[in-house]
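# next input, structure requested:
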Amino acid sequence: MRNINEDTITQAVLAAMSDCTSDRLRTVMTSLVQHLHSFARDVKLTESEWLYAINFLTDVGHITDEKRQEFVLLSDTLGLSMLVTTQNNRKPAECTEATVLGPFFVAGAPEFSNGDDIANGAAGLPCFVTGHVRGLSGEPVANAVIEVWQSDEDGFYDVQYDGPPDAQAQFQARGRLRTLPDGLFHFRSILAEAYPIPHDGPVGRMLDALGRHPWRPAHLHFWIDAPGYEPLITHVFRNGDKYLDSDAVFGVRSTLIVDWVEHPPGVAPDGSQMDTPFYTLEYNFVLNPSKL
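Coordinates of the predicted model:
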C-alpha cells in the first residue's frame, strides 16, 4: 500500500476493509467512503476547509451533554433525520405520518391517568387534548402507551432548565398515559407555541452562515406504542403558525396540522371552571399493523 495518490486512495481504503466480517457494516462504510471522497473531489476541498469542518464537529461534541444533543440538532437541521425517518416509516396513506423524534425526548417520564394535568406547573395557557388511537381497519387500540412532551410558552423544554433536586418535579409538560378500552385518550397540558431550536452553539452558527432561521412551528410530540402495531413517533402542529412552511428541521406534514380551538374563560371539558382563556385540541391517530 505504497505510493497512493488522489486517484487510487479510494480503492485503497476500500481494500483495507476487505476482512470486515459484517456485511452490513462493510456496505455502509464502502458507500460512506465513496461518497466522502467524491464530495471532496467535487468541491475541491481545501485543507483549511477540512480543518474547519473537523473543528466544527469537535465543537458539536463539546457542547453535547445529558441535556443537549447537538448532533441530533445537526442531523435535524441538515434534513438527515427527516430523510431517515421517512424512508423507514413508509405506511398506507390512511395511517398517521411519522416525523422526527427531536433531541428532547426523555425516557422514564411519569405515568398519568386520562384526564390528568401533565403540565405539572409548566408555563402556558391551559390546553385540553383528546383523541382516539385506532388501527388501519378502524379498530380501537386499547392500552396503547402514549408518550407526550412539549415546550412551555417561553419555548423551553423541561430538560433545558436547571431542575430542582426532586427528580419527579423536573418533569413538566411531558408524561405517559394509556388509551382506554375504546382507544380514547385525554389529558390537560398547555398551549403549544413556536420556539427556536438551541442556536447558541455550532449548529446555530451554521444556520446563521447559511441565512437560515432556527424556528420550529408550535407542536406537540407523541410516541405511541401498542402490541401488534408499528410504533409511531410524530408531532401534531398548530394550524396558522407562521413557521409551518419553514420548519428548521423539515418535519411538517399537512396531515399533522390541526386547529387549536380557543375558548373564553368558562367551563373546561373536564368540568373545571377556567378563569383564563383555554384551548382544546382533538386529533385521532391511525397505527399501521406490525409486519412481524
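# quick one, what contacts residue 12?
1, 4 (Cβ atoms under 8 Å, 6 or more residues apart in numbering). In short, each C-beta sits where N, CA and C put it, glycine included.
# and the gap between it and residue 42?
The gap separating residue 12 from residue 42 is 20 Å, by Cβ to Cβ, to the nearest Å.
# ok, residue 111 next?
51 Å.
# more neighbours, the two?
Set residue 111 next to residue 42 and count neighbours by other Cβ atoms under 10 Å: residue 111 wins out with 12 against 9.
# measure the more buried one to residue 273 for me?
Counting by Cβ to Cβ, the gap from residue 111 to residue 273 is 27 Å.
# and if you look at residue 108?
Residue 108 is 34 Å from residue 273, by Cβ to Cβ.
# and residue 182, by the same measure?
With Cβ to Cβ as the criterion, residue 182 and residue 273 are 28 Å apart.
# compare these two (neighbour count), which wins?
Applying other Cβ under 10 Å to residue 182 and residue 273 shows that residue 182 carries more neighbours, namely 11 against 8.
# for the closest residue to the more buried one other than its chain neighbours, give me its contacts.
Spatial nearest neighbour of residue 182, excluding adjacent residues (Cβ to Cβ, 6 or more residues apart in numbering): residue 140 at 4.9 Å. Contact analysis of residue 140 by Cβ under 8 Å, 6+ apart lists 132-134, 179, 181-184.
# over to residue 243?
Shown in contact with residue 243 (Cβ under 8 Å, 6+ apart): 194, 213, 215-217.
# same check on residue 150?
Residues near residue 150 by Cβ under 8 Å, 6+ apart: 157, 173-174, 189-190, 192, 219-221.
# low pLDDT regions in this protein?
163-169, 292 (pLDDT under 70).
# quick one: the strands in it?
126-135, 145-149, 174-178, 184-190, 195-196, 215-216, 219-225, 232-238, 257-258, 261-263, 266-267, 273-274, 278-282, 285-287 (DSSP state E).
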